[in-house]
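J.: predicted coordinates and the sequence they were generated for:
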Amino acid sequence: MGAPIYREGTGGVGTKHPSRFFVIRTSGTPRKREHQSTFRRIIGKMNELFFSPLMRRGNSGRLIRRMVWEAAKSCALGGLYPGRIEKHWFRVERLDMPLPRLGAAFDGAKLVHISDVHCSLIVLERYLRQCVDAINELDVDFVAVTGDFITHGRYYARRVARILGKLSPRVATLACLGNHDYGVFFPSRLGDKHGLADYIAAELSHQDIFVMLNESRVFRRGSAAIQFVGLEDLWSSRYDVKRAFEQARRDLPTIALVHNPDAAHDAARHGADLVLAGHTHGSKLQRYMPTHTDFHAGMYPLGDNKHLYVTRGISYGRRVNVNARPEITVFTLRGDSDARR
């Protein structure tokens, strides 16, 4: 049995304390106070870590202090952004993308790539709706979302699904999941929340977003076809590149969706012509966490006429490099001359 095929038109599925470095004040509505209470617990843990004896010991202490400080700066800056976000503050990157074997009917098709939505207390719904409106104005055929839909729990899963459900590409919105969608924060799978990934996938599917969990999908327009393959996150226990490609067709132009760019070579070896990834927020994260990628932002050759594109993501929070503006990427797909005949 081959991969599922979809044709156009058929539809688819705070009290300040002098001994504390990080502080937060209490104000606002009951819901806002609830959010602040959660944030205060996080801040409390950061204070405990920052001032613990471990932090005073050698190089490891300096590394952890740096990580905590950079995280605090990013959260603080992220908290300032919503008051001055403008519609066109995020960058729109436009690229022509040749795809081998792409038929004439899909030549010129437009694909938007976004990632790292991180719907949360920090990243406001108002801003995410602006992003969705901007994408809809681009009048594209496909939207690909490469994971990290949320930063916290199920409450935000429902919210982000409702927001992204307003996307209106001509053909389909497709997605894979990121490490935060499993509750995983490190390659050791620390924090894995049982059932969270399936819950997020179900909420997105209810909004007609194709969430690919180690699977492939084919879309046709006349005699032309294009194939998408989605992998579960590299840091999760469910990452399985062989299973993702086992029903994929080698004769079709293939775009793979992964969250972590460390998975790009795996996807390319199994037949992907273009790999789309996020995760880095446009920064060299291996300075702060155990990831091995040499891919940070932009286009990278993978050899044999295959390419990887790493987007900076659309979330304005959690940016180590505040100069890496949130990004919406628009690809115009181009076929080779033989396929267009």
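T.: Noted; the coordinates are in hand. Numbers count the residues shown, from 1 in each chain.

J.: show me where the protein has helices.
T.: Here the chain has its helices, by DSSP state H, at 30-50, 58-80, 125-137, 154-164, 196-205, 241-245, 264-269, 337-340.

J.: mean pLDDT for those helices: which is lowest?
T.: Taking the mean pLDDT of each of the helices of the chain, the lowest value is held by helix 58-80, a mean of 50.

J.: just the strands in the stretch 101-250 of the chain please.
T.: 110-114, 142-146, 172-176, 209-211, 215-221, 224-230 (DSSP state E, counting those that start in this stretch).

J.: right, so of these, which gets closest to Arg101?
T.: Ranking the strands of the stretch 101-250 of the chain by their distance to Arg101 (criterion: Cβ to Cβ) puts strand 224-230 first, at 9.0 Å. For the C-beta atoms, the positions are set from N, CA and C on the backbone; glycine is no exception.

J.: residues contacting Leu128?
T.: Residues in contact with Leu128 (Cβ atoms under 8 Å, 6 or more residues apart in numbering) are 117, 119, 160, 163-164, 314.

J.: actually Val258, not the one I typed
T.: Applying Cβ under 8 Å, 6+ apart, the residues contacting Val258 are 146, 176, 230-231, 233-234, 264, 267, 275-277.

J.: redo the strands of the stretch 101-250 of the chain as JSON lines? Include mean pLDDT, distance to Val184 and mean neighbour count.
T.: Putting those into JSON lines (pLDDT from 0 to 100; distance: least, Cβ to Cβ, whole Å; neighbours: other Cβ atoms under 10 Å) gives the following:
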{"stretch": "strand 110-114", "mean pLDDT": "98", "distance to Val184": "21", "mean neighbour count": "24"}
{"stretch": "strand 142-146", "mean pLDDT": "98", "distance to Val184": "16", "mean neighbour count": "27"}
{"stretch": "strand 172-176", "mean pLDDT": "98", "distance to Val184": "14", "mean neighbour count": "26"}
{"stretch": "strand 209-211", "mean pLDDT": "98", "distance to Val184": "17", "mean neighbour count": "24"}
{"stretch": "strand 215-221", "mean pLDDT": "97", "distance to Val184": "20", "mean neighbour count": "20"}
{"stretch": "strand 224-230", "mean pLDDT": "98", "distance to Val184": "17", "mean neighbour count": "25"}
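
J.: quick one: those strands as TSV, columns for distance to Arg249 too.
T.: Supplementary listing: these in TSV, determined by distance: least, Cβ to Cβ, whole Å:
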stretch	distance to Arg249
strand 110-114	19
strand 142-146	18
strand 172-176	17
strand 209-211	17
strand 215-221	7
strand 224-230	6
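
J.: out of these, which gets nearest to Ala104?
T.: Ranking those by distance to Ala104, with Cβ to Cβ as the measure, places strand 224-230 first at 6.3 Å.

J.: report the angle between that closest one and strand 215-221.
T.: An angle of 160 degrees separates the directions of strand 224-230 and strand 215-221 when computed by axes from the mean of the first three to the mean of the last three Cα atoms, to 10 degrees.

J.: what are the pairing partners of strand 224-230, and which direction each?
T.: Taking DSSP bridges as the criterion, strand 224-230 sits next to strand 215-221 (antiparallel), strand 254-257 (parallel) in its sheet.

J.: tell me the mean pLDDT over stretch 275-287?
T.: 77.

J.: there's contact between Ala157 and Glu203 in this structure, I believe.
T.: Yes - using Cβ atoms under 8 Å, Ala157 makes contact with Glu203 at a distance of 5.1 Å.

J.: on that earlier part again, mind putting the contacts of Val258 into a markdown table with distance to Leu102?
T.: What follows is those, written out as a markdown table (distance: Cβ to Cβ, whole Å):
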| residue | distance to Leu102 |
| --- | --- |
| Thr146 | 21 |
| Cys176 | 21 |
| Gly230 | 19 |
| Leu231 | 22 |
| Asp233 | 28 |
| Leu234 | 27 |
| Ala264 | 20 |
| Ala267 | 18 |
| Val275 | 16 |
| Leu276 | 16 |
| Ala277 | 21 |
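
J.: which of the residues you listed lies closest to Leu196?
T.: When the contacts of Val258 are ranked by distance to Leu196 (Cβ to Cβ), Asp233 comes first, at 11.7 Å.

J.: count of neighbours near the closest one?
T.: Other residues lying near Asp233 total 26 when counted by other Cβ atoms under 10 Å.
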